[in-house]
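K.L.:
quick check, what structure comes out for this input:
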Amino acid sequence: MPHDHGRNDWEDEDFDDDYDQEDDDEPTVPCPYCRREIHEEAQRCPYCEKYISGEDAPLTRKPWWIYLTVGICLIIALRWIFFIAG
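P.N.:
Residues are numbered from 1 along each chain as shown. This next block holds a predicted model:
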């Protein structure tokens, strides 16, 4: 039985056509960031990897300098209050 070395069974054109038809059945919308078509229910774009809505994005920590600034302002306010009261 001769073997065709230039063709693999998984590279069948019929398989590619079936795969493309399955993709066409799913509703898509453009990504708000990169404008590529993504699935309508996607939480994150598979191309630019940004979250579609802020609700889906993971919580991020605030930078350390914000906490430092709030702490310094609080200390200044307390010293000012005690200076006036005392």
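
K.L.:
where along the chain do the helices fall?
P.N.:
For the chain, the helices defined by DSSP state H occupy 13-25, 64-85.

K.L.:
ok, of the ones you listed, where does mean pLDDT dip lowest?
P.N.:
For these, mean pLDDT drops lowest on helix 13-25, to a mean of 50.

K.L.:
name the nearest residue to Tyr47, ignoring sequence neighbours.
P.N.:
Arg36 (4.8 Å; Cβ to Cβ, 6 or more residues apart in numbering). Quick note: C-beta positions are derived from backbone N, CA and C, even for glycine.

K.L.:
whoops, Ser53 was the one
P.N.:
That would be Gln43: by Cβ to Cβ, 6+ apart, it lies 7.7 Å from Ser53.

K.L.:
tell me if I'm right that the one you found and Ile52 touch.
P.N.:
Yes. Under the criterion of Cβ atoms under 8 Å, Gln43 makes contact with Ile52 at 6.1 Å.

K.L.:
between these two, which one's more packed in?
P.N.:
Taking other Cβ atoms under 10 Å, Gln43 and Ile52 do not tie; Ile52 has more neighbours (18 against 12).

K.L.:
quick check: phi and psi on the more buried one?
P.N.:
phi -70, psi -40 (degrees, to the nearest 10).
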